[in-house]
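A.B. asks: Build me a model from this:
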Amino acid sequence: MGSGHYFWAILYFASLCSASLANNAKINFREKEKKVLDQILGAGKYDARIRPSGINGTDGPAVVRVNIFVRSISKIDDVTMEYSVQLTFREQWTDERLKFDDIQGKSGGDHIGLANRICACPTGRLKYLTLTEANRVWMPDLFFSNEKEGHFHNIIMPNVYIRIFPNGSVLYSIRISLTLACPMNLKLYPLDRQICSLRMASYGWTTNDLVFLWKEGDPVQVVKNLHLPRFTLEKFLTDYCNSKTNTGEYSCLKVDLLFKREFSYYLIQIYIPCCMLVIVSWVSFWLDQGAVPARVSLGVTTLLTMATQTSGINASLPPVSYTKAIDVWTGVCLTFVFGALLEFALVNYASRSGSNKANMHKENMKKKRRDLEQASLDAASDLLDTDSNATFAMKPLVRHPGDPLALEKRLQCEVHMQAPKRPNCCKTWLSKFPTRSKRIDVISRITFPLVFALFNLVYWSTYLFREEEDE
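C.D. replies: Presented below is the predicted three-dimensional model:
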């Protein structure tokens, strides 16, 4: 008997499942969608001008949850201080006026609904209704407060949809492209990080009527393998930025995108070429001081090239009132190149001054030699001075203090009597170079590279340390 009862029970439920499937197969769900849309959005049944009620049908503010999907970031402009982004923007809220029956088998009777539950047949065939006309339902008056330009996408069809769920929940999704303002601090450029914000706020509804909240769980998503030519998106942070004006308080959301500038580009395009120009300017220290055309042309060429490089860098940046890190670098490099040119001017002056002194020294030596020769002749004539009686008269052997020969002998004695001085290695090394102009060149060969190396040490340690502090 027991086995017979089980057999009839199984047969009964199988028949119910068959009836349920047959009933669902007969339903035209597209026709049902039309009827539901006419029912909830028909003339005189729904007013899109009235905002939805608050949570649980209260008179509180309507709550709209927002999430965005960043598709691409095409440009970050330092001159205009703006960036361009393409994103999918989504809003979700509940409007109890849009609730509808999702066709859970009620039209087939209670036994069909029981069969749907027992046989695991589809019980909610209308998961949601889809609209493409946003003006058919109430929409939050959200706007992007830091937007400069923006447009929707209409290829091939408008990239927008609205989904209405049976419980009255509404999902609005649209693809938009925006150009947004991004105020930048360029003091550490190009070793800087920039924070660009995306701000969304209500334009007319105050917080008493409308509140924006971030969707729980990943409110912001970014496309994988996001590629930027000169920046890297390190991270992003979501926050609230409600604003109070004389007309009330307005709900506001913001996303802070933290971008790090790629330094390799600037290292190759700016820093290494500037170093090379500075080093090339030092070549003039190794050229002969008499090669005036070569040294002048080398100095002027490197100076003009460095000035052109500096102008090109400044042309790609906005005119700001403070000093940037790149300004310090180009300014010092330009100073070193200009200093190399001035060094040649000093060498040329020292060379001409030394030649004039050498000529004057030769003239003085010739004059002294002539005076000594004349004094010797006078002394010899005095020793053999004869008078009319043919007698010899001898002059005294003691010479006067102004006698040139006596002065020379005394100087030689003083030199031999002086105590030997302790040798100075630097003076000893510099004494190998006879002229002052040559000594200036030799000192410059050592001083310029050492000072430039010291500047590099201070520059990189300062700005890299400040960059770590900013992190």
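
A.B. asks: Thought Ala181 was touching Lys148, still the case?
C.D. replies: Yes. A contact is recorded between Lys148 and Ala181 when judged using CB atoms under 8 Å, the distance being 5.8 Å. The C-beta positions use only the backbone N, C-alpha and C, and glycine is treated the same way.

A.B. asks: shared neighbours, those two?
C.D. replies: Shared contacts of Lys148 and Ala181, defined by CB atoms under 8 Å, 6 or more residues apart in numbering, are found at Glu82.

A.B. asks: Could you look up the SS state of Lys224?
C.D. replies: coil (DSSP: H, G, I helix; E, B strand; the rest coil).

A.B. asks: gap between it and Lys260?
C.D. replies: Relative to Lys260, Lys224 is positioned 18 Å away (criterion: CB to CB, to the nearest Å).

A.B. asks: again with Arg230
C.D. replies: When distance is defined by CB to CB, Arg230 is 10 Å away from Lys260.

A.B. asks: So, low pLDDT: which residues of this structure?
C.D. replies: Segments of the chain classed as low confidence (criterion: pLDDT under 70) are 1-29, 103-124, 354-367, 370-371, 373-434, 467-471.

A.B. asks: would you list every one of the helices in it?
C.D. replies: Along the chain, counting by DSSP state H, helices occupy 2-26, 29-41, 110-118, 263-266, 272-281, 292-315, 325-383, 404-417, 425-430, 436-470.

A.B. asks: gap between the nearest residue to Ile164 once chain neighbours are set aside and Lys99?
C.D. replies: Taking CB to CB, 6 or more residues apart in numbering, and ignoring the residues beside it in sequence, Ile164 has Leu129 as its nearest neighbour in space, at 4.4 Å. Note on Leu129: its distance to Lys99, by CB to CB, is 11 Å.

A.B. asks: swap in Ile156?
C.D. replies: Ile156 sits 33 Å away from Lys99, taking CB to CB as the criterion.

A.B. asks: With Val328 instead?
C.D. replies: Using CB to CB, one gets 66 Å for the distance from Val328 to Lys99.

A.B. asks: likewise Lys45?
C.D. replies: Computed as CB to CB, the Lys45 to Lys99 distance reads 12 Å.

A.B. asks: more neighbours, these two?
C.D. replies: When neighbours are counted by other CB atoms under 10 Å, Lys45 and Lys99 differ, and Lys99 comes out ahead with 15 against 10.

A.B. asks: Need phi/psi at the more buried one.
C.D. replies: Backbone torsions of Lys99, given as degrees, to the nearest 10, read phi -70, psi 150.

A.B. asks: With Leu317 instead?
C.D. replies: The phi and psi values for Leu317, taken as degrees, to the nearest 10, are phi -130, psi 150.

A.B. asks: Not counting residues beside it along the chain, what's closest to it?
C.D. replies: Distance criterion CB to CB, 6+ apart; nearest residue to Leu317, sequence neighbours excluded, is Asp78 at 5.8 Å.

A.B. asks: what about that neighbour, neighbour count?
C.D. replies: Taking other CB under 10 Å as the definition, Asp78 ends up with a neighbour count of 18.

A.B. asks: Let the chain start at 256 from now.
C.D. replies: In the new numbering, first residue 256, that becomes Asp333.

A.B. asks: OK, contacts around it?
C.D. replies: By CB under 8 Å, 6+ apart, Asp333 lies in contact with Met439, Leu441, Tyr444, Ser571, Leu572, Pro573.

A.B. asks: Mind checking which of these are buried?
C.D. replies: Those of the contacts of Asp333 that meet the buried threshold are Met439, Leu441, Tyr444, Leu572, by 16 or more other CB atoms under 10 Å.

A.B. asks: can you redo those as CSV with distance to Asp543?
C.D. replies: Shown next, in CSV, are the buried ones among the contacts of Asp333 (distance: CB to CB, whole Å):
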residue, distance to Asp543
Met439, 50
Leu441, 45
Tyr444, 42
Leu572, 42
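
A.B. asks: who's in contact with Gly594?
C.D. replies: When the contact criterion is CB under 8 Å, 6+ apart, the partners of Gly594 are Phe703.

A.B. asks: do that again at 10 Å, thanks
C.D. replies: Residues in contact with Gly594, defined by CB atoms under 10 Å, 6 or more residues apart in numbering, are Val533, Ser536, Gly554, Ser699, Thr702, Phe703, Val706.

A.B. asks: gap between the first one and Ser339?
C.D. replies: In this structure, Val533 and Ser339 are separated by 38 Å, where distance is defined by CB to CB.

A.B. asks: higher neighbour count, the two?
C.D. replies: Neighbours per residue, other CB under 10 Å: of Val533 and Ser339, the larger number sits with Val533, 23 against 17.

A.B. asks: shouldn't that one be in contact with Ala708?
C.D. replies: No. Checked against CB atoms under 10 Å, the pair Val533 and Ala708 is beyond contact range at 11.0 Å.

A.B. asks: ok, the closest residue to Arg485 other than its chain neighbours - how many residues close by?
C.D. replies: Closest residue to Arg485 in three dimensions, ignoring its sequence neighbours and counting by CB to CB, 6+ apart: Glu517, at 5.3 Å. One way to gauge burial is a neighbour count; for Glu517, by other CB under 10 Å, it gives 14.

A.B. asks: cool, Phe467 as well?
C.D. replies: Other residues close to Phe467 by other CB under 10 Å number 25.

A.B. asks: Next step: the contacts of Asp333 restricted to strands.
C.D. replies: When DSSP state E defines the strands, the subset of the contacts of Asp333 inside them is empty.
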